[in-house]
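**Student:** for reference, the sequence and a predicted model appear below.
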Amino acid sequence: MTALEIASRLITLEGGEGAGKSTVLSALAQALRRHGGEVVTTREPGGTPLAERIRELLLHPDNADAPTADTELLLMFASRAQHVASVVRPALARGAWVLSDRFTDASHAYQGGGRGVDGATIAMLESRFVGLQPGLTLLLDVPVAVGRARAQGRAAPDRIESEADGFFERVRSAYRDLAMAQPQRFRLIDASQPAERVAADAVAALDRYLQGLPQA
């Protein structure tokens, strides 16, 4: 497999349900804008009109014809391939910062850890259809019970949000394993704290990362 290209201006946010990614994403975007230059905020699955339609297929709560684990993985990468080609790579090529709510680590956690799909298969798809690795990944880590309690106040859960606790425990474990295996890229943020504290910790981690980058 081809080695992944490290994209220093690609910053990703990962975490389970109820981790507070939306609040943190907004704080990170503001911090990047203060740093200077264009900032593109996006999400996965989704980020383009076609990828958003695939997102609807993936997350629709109707279980009459629920996708298998392999189908789910392939749909995720179909959406991601479109997203990378249409949004991420063009933005990086013009020197913009790209801040993405989830990226390929989500497939390692959700389809790998949660569904039990072979990690080598996910890595092959990542190499073939993405080819990029974020320079920085912030993992918002929160106990499953805490995250699910927070998410209860939202709209009706989608298909993945409706999974049992055991699924989300496996997802959390997979995320933590990824962070442990790649400490140079991951920063683990305690997302069980109040939202303001979580956002502040995430921005502080981003600031430290930016300070370590070569000056243009």
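**Tutor:** Thanks, I have the structure now. These numbers come from a predicted model, not from an experiment.

**Student:** and the residue nearest to Gln193 when sequence neighbours are not counted, what is it in contact with?
**Tutor:** What sits nearest to Gln193 in space, not counting adjacent residues and going by C-beta to C-beta, 6 or more residues apart in numbering, is Asp201, at 7.4 Å. (C-beta placed from N, C-alpha, C; glycine too.) Contacts for Asp201 (C-beta atoms under 8 Å, 6 or more residues apart in numbering) come out as 189-190, 193.

**Student:** helix, strand, or coil at Ile11?
**Tutor:** Assigned with DSSP: H, G, I helix; E, B strand; the rest coil, Ile11 falls in the strand class.

**Student:** quick one: contacts for it?
**Tutor:** With contacts defined as C-beta under 8 Å, 6+ apart, the neighbours of Ile11 are 28, 32, 97-100, 134-138, 206, 209.

**Student:** in helices only, show me those residues.
**Tutor:** 28, 32, 206, 209 (DSSP state H).

**Student:** any idea which helix or strand of the chain has the worst average confidence?
**Tutor:** For the chain, using mean pLDDT, DSSP states H and E, the weakest element among its helices and strands is helix 144-151, scoring a mean of 88.

**Student:** quick one: the strands in the protein?
**Tutor:** Taking DSSP state E, the strands of the chain run over residues 5-15, 39-43, 97-101, 132-141, 186-190.

**Student:** want to throw those into JSON lines with mean pLDDT and distance to Ala78?
**Tutor:** Below are those laid out as JSON lines (pLDDT from 0 to 100; distance: least, C-beta to C-beta, whole Å):
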{"stretch": "strand 5-15", "mean pLDDT": "97", "distance to Ala78": "19"}
{"stretch": "strand 39-43", "mean pLDDT": "98", "distance to Ala78": "16"}
{"stretch": "strand 97-101", "mean pLDDT": "98", "distance to Ala78": "17"}
{"stretch": "strand 132-141", "mean pLDDT": "98", "distance to Ala78": "17"}
{"stretch": "strand 186-190", "mean pLDDT": "98", "distance to Ala78": "26"}
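
**Student:** format these as CSV; extra columns: distance to Leu74.
**Tutor:** Below are those laid out as CSV (distance: least, C-beta to C-beta, whole Å):
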stretch, distance to Leu74
strand 5-15, 21
strand 39-43, 19
strand 97-101, 20
strand 132-141, 19
strand 186-190, 26
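
**Student:** below-threshold pLDDT in this protein: ranges please.
**Tutor:** Filtered on pLDDT under 70, the chain yields the residue ranges 1, 63-64, 153-154, 216.

**Student:** can you tell me the centre-most residue of it?
**Tutor:** The centroid of the chain falls nearest to Arg102 when counting by C-alpha atoms, centre = their mean (1.5 Å).

**Student:** pretty sure that one sits against Leu13.
**Tutor:** Yes - between Arg102 and Leu13 a contact is recorded at 7.1 Å, counting by C-beta atoms under 8 Å.

**Student:** what is in contact with these two at once?
**Tutor:** Common neighbours of Arg102 and Leu13 (C-beta under 8 Å, 6+ apart) are Lys21.

**Student:** just the ones in helices among the contacts of Ile11 now: which is nearest Asp65?
**Tutor:** Of all these, Asp65 sits closest to Leu28, with 37.0 Å by C-beta to C-beta.

**Student:** many thanks, have a good one.
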